[in-house]
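A.B. asks: return a 3D structure for these sequence lines:
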Amino acid sequence: MRLILVISLLMISGCSLWSGKPSADLPKQPDAPTDSKNLSTLGDEIDKSENRVAASLVAIERNADKPAVVTAEAKLGQAYLARPSEGDIAFALARASANDPAAYARQAEYGKRLLAAVDSKWYKLEADQKEALRVSALKDQRIVELTAEVERVKKDMASQMWTMAAVGTAVIGALAMAFAGPKIGISLLASGAAIGAFPFVVESKYFGIIAGTTLALAAGLGIYWLWDHVRDSANAPYEPPQK
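C.D. replies: The predicted structure is shown next:
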């Protein structure tokens, strides 16, 4: 009855290993790359292309009286951009034919707003990239923690199994003391103590020393037993074989 009670308590304590406070949920990782180098390289390339186009436009403005330079710079600026659609080309040609200062002012204002929106989205993308990198690092850390927790639980469960085996052996030893005599009972009790101490010995930093010492003692006892057996055989009185 006591053995059943002890085993039940050990099982309850084992279940408590899983009842710890759960870790806080990880934040959602943004849909953005975690490598900042890719984003930084792309941004540098875009800036370089935009700067070359802007420089060509400045050259056109400052050389408006030189048609050949204007044409050459305009073609050079277009080389850094994607080819516009036919609709956009028609819209620009109509605007140039009208030569309406108000239309140019409206388009310039629209262009500033569009550039501001693009910059805002780019800054958000950079912020998302940093957040994605942070969350990715948290996930890696959580994997390490969970792996360590699984290993700890496995060791605890193995230790509990050894403990239950030790308790069972000790109970059997106590019964043997009562019904079979102290010789068998003490041996079982000692075995139960050894079984219970086994996981602690294995996990100890002195395990190598303990194991080596035990093997050395066992080897010494074996050699002594063999020597004693040979000595007794040599010293035994000679008895002629009986016919």
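A.B. asks: drop to CA atoms for contacts and neighbour counts, all remaining ones
C.D. replies: OK.
A.B. asks: now the helix ranked longest in the chain: how far from the chain's centre is it?
C.D. replies: Criterion DSSP state H: the longest helix present in the chain is helix 101-179. Here helix 101-179 is found 8 Å from its chain centre; the criterion is CA atoms, centre = their mean, to the nearest Å.
A.B. asks: which other helices and strands does that helix contact?
C.D. replies: Of the remaining helices and strands, those touching helix 101-179 by 3 or more CA pairs under 8 Å, 6 or more residues apart in numbering; DSSP states H and E are helix 2-15, helix 36-62, helix 182-203.
A.B. asks: lowest average pLDDT across those?
C.D. replies: Of all the helices and strands packed on helix 101-179, the minimum mean pLDDT falls on helix 2-15 (a mean of 40).
A.B. asks: what angle sits between the longest helix of the chain and helix 36-62?
C.D. replies: If you take axes from the mean of the first three to the mean of the last three CA atoms, to 10 degrees, helix 101-179 sits at 180 degrees to helix 36-62.
A.B. asks: show the average pLDDT along helix 101-179.
C.D. replies: 85.
A.B. asks: wait, A174 touches P182, no?
C.D. replies: No: judged on CA atoms under 8 Å, A174 makes no contact with P182 at a distance of 9.0 Å.
A.B. asks: between these two, tell me which one has more neighbours.
C.D. replies: Each of A174 and P182 has its neighbours counted (other CA atoms under 10 Å); A174 has more, 19 against 16.
A.B. asks: which ones are touching that one?
C.D. replies: 185, 189 (CA atoms under 8 Å, 6 or more residues apart in numbering).
A.B. asks: and the gap between it and A180?
C.D. replies: A174 sits 10 Å away from A180, going by CA to CA, to the nearest Å.
A.B. asks: lovely, talk soon.
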